[in-house]
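Student: turn this into a model:
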Amino acid sequence: MEFTLDKEQEAIQKAAREFAKGEFDKEIALEHERNHTFPSEIWKKACELGFMGIHYPEKYGGQEYGIFENVLVVEEFCRQDSGIGVAISLADFSSEIILRFGNEQQKEKYLIPLTKGEAISSGGFTEPDHGSDITLMDTTAKKEGDEYIINGVKTFITNGTISDFVMVLCQTDFEVKPTYRGQSVIIVEKETPGYSRADVGEKMGIKMTSTGELSFNDVRVPVSNLVGQENKGFYHVLEFFDESRIEIAGQALGIAQGAFDRALAYCKERTQFGKKLAQFQVTQHKLADMAAKIELASLIVHKSAWNFDQGRIDPKLTSIAKMYAARTAVEVADEAIQLLGGYGYMLEYEVERFYRDAKITEIYEGTKEIQKNTIASSLLGKF
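Tutor: The predicted structure follows:
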């Protein structure tokens with residue numbers, strides 16, 4: 001059993017760290033934060049250097065690496081800047097559904113532009129009345145000849161207002177019980193008539209990431225836009241979640257490390273009562289607790305990524321990784337604010353932004369309660 005990165009992985013980690021340090025300028029980040037804009041120029045540079053879609057095959061613009069290497073990149077990006085890191089790492093959101101289940105034509109058409117910095121993707125799963133419960137879908141897709149006619153609303157959709165295409169989870173079989181056995185994933189492109197998008201409004205965090213509400217009013221798309229098998233969309237999305245939750249756990253791990261880095265540096269420099277903050281035992285204990293949580297989160301996140309790359313699907317493991325890493329991010333960022341005191345509450349000192357961005361990792365891709373349900377279900381089975 002090895003607990004070290006190999007030379008290639010070390011090189012990827014170093015390259016991601018150096019890129020982030022060189023490109024994630026603090027003032028640029030604050031400008032995007034205040035204006036709620038996507039850092040498109042930095043994203044395009046990341047694409048040019050091969051960071052986006054690093055886990056895709058080369059023929060689709062990727063680097064032939066796995067989820068583990070993708071997580072290493074995500075960690076370093078979010079460690080340097082939580083807002084930019086989250087926004088960029090989610091630019092290809094949901095594309096793995098096409099990678100895992102799409103046909104060759106779909107992969108060439110949709111994946112290659114993502115790695116080239118020519119397109120952004122999104123996944124339309126969450127609905128206003130159902131939240132994290134994707135077993136129920138009010139969005140419908142009725143087949144008429146060689147087209148699907150889609151009607152419904154999706155909300156809290158990452159990249160919703162800026163994506164070039166969205167993978168929409170729809171009800172396609174209206175008789176089957178339970179209903180999730182009749183769901184399908186269908187691609188809808190941004191200029192399709194009847195498809196409209198709107199921003200959900202002011203958010204607590206991840207302000208550089210677009211979050212939208214999508215409306216489908218008699219949207220017609222060809223049946224060739226079906227991804228994978230008809231009526232198997234629920235299962236396709238579940239497998240995608242097993243992968244994407246690892247990436248979100250990687251975001252959380254990076255955010256926790258970034259908040260810790262800033263708190264550690266501050267405690268070494270700040271003088272109180274004639275001593276450096278780092279000289280007080282209470283400060284040392286806080287830093288020790290933070291470091292321990294990050295180390296434990298790192299172990300479970302990396303194990304879950306490694307496990308997925310071995311071809312094993314383990315919802316319990318990925319849910320533990322996401323739940324624990326997200327909790328670690330929130331707790332470490334909270335403690336970082338406390339260590340910085342009044343400065344920690346100020347936008348310029350970054351840790352308050354890391355805290356706001358950390359919280360979303362406990363919510364999207366399934367809330368922490370959903371993760372606990374998954375873990376408990378795996379432990380208990382049917383009884």
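
Student: export stretch 162-169 as PDB, just CAs?
Tutor: The C-alpha coordinates for stretch 162-169 follow below in PDB (Å, rounded to 0.1, in the frame of the first residue of the first chain):
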ATOM      1  CA  ILE A 162     -23.300  30.500 -19.300                       C
ATOM      2  CA  SER A 163     -23.200  26.900 -20.500                       C
ATOM      3  CA  ASP A 164     -23.300  26.100 -24.200                       C
ATOM      4  CA  PHE A 165     -25.300  22.900 -23.600                       C
ATOM      5  CA  VAL A 166     -27.000  21.200 -20.700                       C
ATOM      6  CA  MET A 167     -27.600  17.500 -19.900                       C
ATOM      7  CA  VAL A 168     -31.300  17.400 -18.800                       C
ATOM      8  CA  LEU A 169     -32.700  14.600 -16.700                       C
END
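
Student: and the lengthiest helix in the chain, what's buried?
Tutor: Looking across the chain with DSSP state H, the single longest helix is helix 233-269. By 16 or more other CB atoms under 10 Å, the buried positions in helix 233-269 come out as 233-237, 239-264, 266-267. Yep, even glycine has a C-beta here, placed from its N, CA and C like the rest.

Student: just stretch 89-109 next, same as before
Tutor: Residues of stretch 89-109 classed as buried under the neighbour-count rule (16+ other CB under 10 Å) are 89-99, 101-102, 106-107.

Student: next one: stretch 374-383
Tutor: Neighbour counts over stretch 374-383 (16+ other CB under 10 Å) mark 374-375 as buried.

Student: mean confidence for it?
Tutor: If you average the pLDDT over stretch 374-383, you get 87.

Student: cool, stretch 14-32 as well?
Tutor: The average pLDDT for stretch 14-32 rounds to 96.

Student: start and end of it, how far apart?
Tutor: Using CA to CA, to the nearest Å, the gap from the first to the last residue of stretch 14-32 comes to 25 Å.

Student: pLDDT wise, what is the spatially closest residue to Ile313 that is not a sequence neighbour at?
Tutor: Distances taken as CB to CB, 6 or more residues apart in numbering put Asp242 closest to Ile313, at 5.4 Å, once the chain neighbours are dropped. Here, the pLDDT recorded for Asp242 equals 92.

Student: which of the buried residues of stretch 89-109 fall in helices?
Tutor: Mapping the buried residues of stretch 89-109 onto helices (DSSP H) picks out 89, 95-99, 101, 106.

Student: domain assignment for the chain?
Tutor: Per the record, the chain has its domains at 7-116, 121-231, 235-380, by automatic domain parsing.

Student: just to revisit the earlier point, what separates the residue nearest to Ile313 from Arg181, distance-wise?
Tutor: The gap separating Asp242 from Arg181 is 19 Å, by CB to CB, to the nearest Å.

Student: all helices for the stretch 1-150 of the chain, in order.
Tutor: Applying DSSP state H, counting those that start in this stretch to the stretch 1-150 of the chain gives helices spanning 7-23, 26-35, 40-48, 67-80, 82-89, 95-101, 104-106, 112-116.

Student: nearest to Glu144, of the ones in helices among the buried residues of stretch 89-109?
Tutor: Checking those against Glu144 with CB to CB, the nearest one is Gln106 at 21.3 Å.

Student: ok, and the closest non-adjacent residue to that closest one?
Tutor: Spatially, and ignoring its direct neighbours in sequence, Gln106 is nearest to Ile98 (5.4 Å; CB to CB, 6+ apart).

Student: next up, the contacts around the one you found.
Tutor: 106-107, 110-111, 167, 187, 227 (CB atoms under 8 Å, 6 or more residues apart in numbering).

Student: now, the most widely separated pair of those?
Tutor: Within the contacts of Ile98, Lys107 and Met167 form the most distant pair, 13.1 Å apart (CB to CB).

Student: quick one on the thing from earlier: make a markdown table out of the domains of the chain and add distance to Met1.
Tutor: Converted to a markdown table, the domains of the chain look like this (distance: least, CB to CB, whole Å):
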| stretch | distance to Met1 |
| --- | --- |
| domain 7-116 | 15 |
| domain 121-231 | 34 |
| domain 235-380 | 10 |
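
Student: Three-state assignment for the closest residue to Phe125 other than its chain neighbours, please.
Tutor: With sequence-adjacent residues excluded and distances taken as CB to CB, 6+ apart, Phe125 is closest to Leu169, at 5.0 Å. Secondary structure assignment for Leu169 (DSSP: H, G, I helix; E, B strand; the rest coil): strand.

Student: looking at Leu169 now. What's its pLDDT?
Tutor: 97.

Student: and for Gln272?
Tutor: 87.

Student: tell me which element the residue lying closest to Ala198 once chain neighbours are set aside falls in.
Tutor: Counting by CB to CB, 6+ apart, Glu213 is the residue found nearest to Ala198 once chain neighbours are left out, at 5.1 Å. For Glu213, the host element (DSSP states H and E) is strand 211-222.

Student: dump the helices of the stretch 1-150 of the chain into a markdown table; add distance to Ala198 as well.
Tutor: Formatted as a markdown table, those follow (distance: least, CB to CB, whole Å):
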| stretch | distance to Ala198 |
| --- | --- |
| helix 7-23 | 31 |
| helix 26-35 | 18 |
| helix 40-48 | 20 |
| helix 67-80 | 27 |
| helix 82-89 | 19 |
| helix 95-101 | 23 |
| helix 104-106 | 27 |
| helix 112-116 | 24 |
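
Student: out of those helices, flag the one nearest Gly366.
Tutor: Using CB to CB, the nearest of the helices of the stretch 1-150 of the chain to Gly366 is helix 95-101, at 15.6 Å.

Student: residues touching Val332, list them.
Tutor: Neighbouring residues of Val332 by CB under 8 Å, 6+ apart: 256, 259-260, 290, 293-294, 358.

Student: let me redo that: Gly85
Tutor: Per CB under 8 Å, 6+ apart, neighbours of Gly85: 20, 24, 74, 76-79, 251, 254-255.

Student: please repeat the previous calculation with a cut-off of 10 Å.
Tutor: Shown in contact with Gly85 (CB atoms under 10 Å, 6 or more residues apart in numbering): 16, 20, 24, 29, 39, 73-79, 206, 208, 250-251, 254-255, 258, 357.
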